[in-house]
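S.K.: Just need the structure, nothing else, for what follows:
(chains A and B)
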Number of protein chains: 2
Amino acid sequence: MAKKYVIAILGATGAVGTRMVAQLAKSDIPVAELRLLASKRSVGQQIEFRGRSLTVSEAVPDSFNGVDIVLASAGGKVSARLLPEAVKRGAVCVDNTSYFRMNEHVPLVVPEVNAAEVSQHHGIIANPNCSTIQMVVALNPVRKRYGLNQIVVSTYQSAGGAGQAGIDELYREASEHLSGQAMTSQILPVKGQDHHYPLAFNLLPQIDVFEEGDYTHEEWKMIHETKKILCGDKNSRALKVTATCVRVPVPITHGETVYFTTDATPTPAAIRETLTTAPGVVVQDDPKQQLYPQPVNAVGSQATFVGRIRSDMENARAYHMWVVADNLVKGAAGNAVQIVEALIQRGAVHGSPASAPLFMKN
Amino acid sequence: MAKKYVIAILGATGAVGTRMVAQLAKSDIPVAELRLLASKRSVGQQIEFRGRSLTVSEAVPDSFNGVDIVLASAGGKVSARLLPEAVKRGAVCVDNTSYFRMNEHVPLVVPEVNAAEVSQHHGIIANPNCSTIQMVVALNPVRKRYGLNQIVVSTYQSAGGAGQAGIDELYREASEHLSGQAMTSQILPVKGQDHHYPLAFNLLPQIDVFEEGDYTHEEWKMIHETKKILCGDKNSRALKVTATCVRVPVPITHGETVYFTTDATPTPAAIRETLTTAPGVVVQDDPKQQLYPQPVNAVGSQATFVGRIRSDMENARAYHMWVVADNLVKGAAGNAVQIVEALIQRGAVHGSPASAPLFMKN
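M.R.: Modelled structure (predicted):
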């Protein structure tokens, strides 16, 4: 009989957490017990999993006793505090926050791209940023076949990247505006920062805080995470990546215009063909039929949708594509569950000691 | 006493036409008489101009008898049919449609960039595409000072680019969605094409019909109009331009992520400084204060707002900027009225004979 796993979901009541429960339920992963963990204020909530109603309990270190696998999406500070406790107790953690992503002892995994790296974990595997995931799923097949030198990406990111509260704020603002009231903005662009601006019927060219070079943290994530996933090094010079991230008034699902240069000179049809057989990619690219990826059609899907594949008419080896994916499913919960599947397939759930270099002080 | 002009507005009841009336009213242009022209179904509508209520009449060839200046925004077919009649009667026409833009005898004018070209008209001056106008206003000062080699632009274009009907459709769809109904899409992405998709809470990577190389007509406009305006030749190879145009659920005002390469290597601060003193540009670029251009703040303004100016950290001579402008004002009605002002300042209203090469059959 196949082994069954004790799984804990940390942050089970959030926009990503609830989707982790749903994606896990849909998967073939054999679950002996599912523990739904959250902060105090969510204790007692009921969430259905595979026909049973489970009760949310408070996340404390001993919540992880006997747990094999943790899926975490309760914010960076919570992951920083609790995941070492889970690892100490023998669990392997798939962390959706950015806290551990750039740690050299933490694999950053998109299963379609670098599933083998799950075996290199020391207790923690990081789930990349949502906008990074969909871009590398679309570009990795191109990179493998034609080489990849440069990426210039502009994002069209949904409110859902700021969690359920972001989605609620977008809808509330839209209702206010349609009924002639002033829009009341409390969260976006960045929770806790000084200024809040409406997203409904507007565009916000700020996602996360500003950093070096006047790039936002979201833009830095796209640059360094893409390099770490595709080149194995967050500072790799083998691939140039630059980004502008913009929040748009869409509840769930990100769009991206991706401009990229290759070593070879494939036709757009050849790129289309390459992507048609690529894992996790659905090509929707038939201009004559007005077929191209749209957020309303991608919501709820685990796939990454690609269309508008074209050559730059004036630069050989340069191309455009338009990439759309559900940022809460493929961009978060779904990718995390795929990582768990990869861990199980490779027998890597208990593949490394808790005395790993990750938490060694040096 | 300064000469006063007889001015006709063709398509006076549309989203752009009503703004032409408003922009003209606000200007210092001395108007002897304003004729509001539209199709039959709008005849009798009243529109206020400088404190008087004017009645819309049907546009026929003789509507242009005695007219000095025509501002046209009633669609390409109407311009094709009626503007030669106006020119024959001695008027100079500023046409907001794309019909004459690529004609070699028609100046394509953004006054901040190439005002002098108004004097070269043969009866018709074309107002460029909205997304092109704001981009060249922002880039021309950079080009003049630092040289410009390549542009990669991604647009975030509002429903208003499809006229008042586009704006109405966005709001109607948003209301439907918020009240739990299915969204009913009748116009977007392109009026008269086979498929219509919702824009509310969605993204549509199609603006206008598909053409050569799977580029949309909107993308081709941005490429060729930018070259014609900045280089004097729609096929110029001196400047490479490529574009992806996306419709976003914003009623009015376009955003653009503009990635560009220069000859010189200015700092972002130097570019900021150059743009601060540039005509028609308002720099809003202070990340520490979370200051950057947003559509909600740009609506109704004649300015082009620029922010998020940054270097590409891995490519010398490559930069990003985020450009926002009201597509119906600066992108259409306002730019057209600026062209009229340039015509008057340069004494070019009656600067050329009606027997111009424009309508010569050869």
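S.K.: Show me what counts as buried in stretch A:314-324.
M.R.: A:317, A:318, A:319, A:320, A:321, A:322, A:323, A:324 (16 or more other Cβ atoms under 10 Å in any protein chain shown). In this view, the C-beta of every residue, glycine as well, is placed from N, C-alpha and C.
S.K.: Could you look up the SS state of the fourth one?
M.R.: For residue A:320, the secondary structure call by DSSP: H, G, I helix; E, B strand; the rest coil comes out as strand.
S.K.: Quick check: closest non-adjacent residue to it.
M.R.: residue A:310 (4.9 Å; Cβ to Cβ, 6 or more residues apart in numbering or on different chains).
S.K.: residues in contact with the helix or strand encompassing that neighbour?
M.R.: Counting by DSSP states H and E, the element that carries residue A:310 is strand A:304-311. For strand A:304-311, the surrounding residues in contact (Cβ atoms under 8 Å, 6 or more residues apart in numbering or on different chains) are A:133-134, A:137-138, A:267-268, A:271-272, A:275, A:280-285, A:291-293, A:297-298, A:318-325, A:330, B:205, B:213-215, B:244.
S.K.: Quick one: buried ones out of these?
M.R.: Buried, going by 16+ other Cβ under 10 Å: A:133-134, A:137-138, A:268, A:271-272, A:275, A:280-285, A:292-293, A:297-298, A:318-325, A:330, B:205, B:214-215, B:244, out of the contacts of strand A:304-311.
S.K.: All the strands of chain A, residue numbers only.
M.R.: In chain A, the segments counted as strands under DSSP state E are A:5-10, A:31-38, A:46-49, A:52-55, A:57-58, A:69-72, A:92-95, A:124-126, A:150-157, A:240-247, A:254-261, A:281-283, A:304-311, A:318-325.
S.K.: who does the fifth one pair up with?
M.R.: When you say that, I think you mean strand A:57-58. Strand A:57-58 sits in its sheet next to strand A:31-38 (parallel), going by DSSP bridges.
S.K.: ditto for the third one
M.R.: Strand A:46-49 has the following sheet partners, assigned by DSSP bridges: strand A:52-55 (antiparallel).
S.K.: give me every residue that touches whichever residue of the stretch 51-200 of chain A sits closest to chain B.
M.R.: Going by Cβ to the nearest Cβ, chain B is nearest to residue A:154 of the stretch 51-200 of chain A, at 4.0 Å. By Cβ under 8 Å, 6+ apart, residue A:154 lies in contact with A:243, A:244, A:245, A:246, A:256, A:257, B:154, B:257.
S.K.: ok, now residue A:292?
M.R.: Per Cβ under 8 Å, 6+ apart, neighbours of residue A:292: A:284, A:285, A:307, A:308, A:322, B:205, B:206.
S.K.: Swap in 6 Å and give it another go.
M.R.: A:284, A:307, A:308, B:205 (Cβ atoms under 6 Å, 6 or more residues apart in numbering or on different chains).
S.K.: where do the helices sit along the stretch 201-350 of chain A?
M.R.: Here the stretch 201-350 of chain A has its helices, by DSSP state H, counting those that start in this stretch, at A:217-231, A:268-276, A:295-298, A:334-345.
S.K.: Among those helices, which comes closest to chain B?
M.R.: With Cβ to the nearest Cβ as the yardstick, what comes closest out of those is helix A:295-298 (4.6 Å).
S.K.: Just the C-alphas of that closest one, formatted as PDB.
M.R.: Provided in PDB are the C-alpha atoms of helix A:295-298 (Å, rounded to 0.1, in the frame of the first residue of the first chain):
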ATOM      1  CA  PRO A 295      -7.900  36.200 -17.600                       C
ATOM      2  CA  VAL A 296     -11.700  35.400 -17.600                       C
ATOM      3  CA  ASN A 297     -10.900  32.100 -19.400                       C
ATOM      4  CA  ALA A 298      -7.800  31.200 -17.300                       C
END
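S.K.: ok, residues contacting that helix?
M.R.: Against helix A:295-298 from outside (Cβ under 6 Å, 6+ apart): A:250, A:253, A:305, A:324, A:326, B:202, B:203.
S.K.: Any chance of a PyMOL selection covering the buried ones in these?
M.R.: Selection of buried members from those for PyMOL, criterion 16+ other Cβ under 10 Å:
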select buried, (chain A and resi 250+253+305+324+326) or (chain B and resi 202+203)
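S.K.: of all the contacts of helix A:295-298, which two lie farthest apart?
M.R.: Using Cβ to Cβ, the two most remote members of the contacts of helix A:295-298 are A:250 and A:305, lying 14.1 Å apart.
S.K.: Within range of chain B, give me the residues from chain A.
M.R.: A:152, A:154, A:156, A:174-175, A:178, A:195, A:201-203, A:205, A:210, A:213-214, A:240, A:242, A:244, A:248-251, A:255, A:257, A:259, A:287, A:290, A:292, A:294-296, A:308, A:310, A:312-314, A:320, A:322 (Cβ under 6 Å from any Cβ of the partner chain).
S.K.: what are the pairing partners of the strand holding residue A:310, and which direction each?
M.R.: strand A:281-283 (parallel), strand A:318-325 (antiparallel).
S.K.: Redo those as CSV? Include mean pLDDT and distance to residue B:21.
M.R.: Converted to CSV, the strands paired with strand A:304-311 look like this (pLDDT from 0 to 100; distance: least, Cβ to Cβ, whole Å):
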stretch, mean pLDDT, distance to residue B:21
strand A:281-283, 98, 47
strand A:318-325, 98, 38
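S.K.: Could I get those strands in CSV, plus columns for distance to residue A:145?
M.R.: Putting those into CSV (distance: least, Cβ to Cβ, whole Å) gives the following:
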stretch, distance to residue A:145
strand A:281-283, 13
strand A:318-325, 13
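S.K.: closest one to residue B:25 among those?
M.R.: The nearest among those, by Cβ to Cβ, is strand A:318-325 at 41.1 Å.
S.K.: For that closest one, which outside residues touch it?
M.R.: Contacts for strand A:318-325 (Cβ under 6 Å, 6+ apart): A:134, A:138, A:255-261, A:293, A:298, A:304-312, A:331, B:205, B:244.
S.K.: do stretch A:328-338 as well
M.R.: In contact with stretch A:328-338 (Cβ under 6 Å, 6+ apart) are residues A:15-16, A:19-20, A:23-24, A:27, A:71, A:94, A:96, A:111, A:127, A:130, A:133, A:160, A:252, A:302, A:304, A:325.
S.K.: hang on, the earlier thing: quick check: which of the strands of chain A is buried the most?
M.R.: Across the strands of chain A, averaging neighbours per residue (mean count of other Cβ atoms under 10 Å in any protein chain shown) puts strand A:69-72 on top, at a mean of 28.
S.K.: Can you give the distance of it from its chain's centre?
M.R.: Chain-centre distance of strand A:69-72: 15 Å, with Cα atoms, centre = their mean, to the nearest Å.
S.K.: What strands line up against that strand, and which way round?
M.R.: When DSSP bridges is applied, strand A:69-72 pairs with strand A:5-10 (parallel), strand A:92-95 (parallel).
S.K.: Any chance of those in a markdown table with mean pLDDT as columns?
M.R.: Shown next, in a markdown table, are these (pLDDT from 0 to 100):
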| stretch | mean pLDDT |
| --- | --- |
| strand A:5-10 | 98 |
| strand A:92-95 | 98 |
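S.K.: which stretch among those strands comes nearest residue B:169?
M.R.: Per Cβ to Cβ, nearest to residue B:169 of these: strand A:5-10, 40.8 Å.
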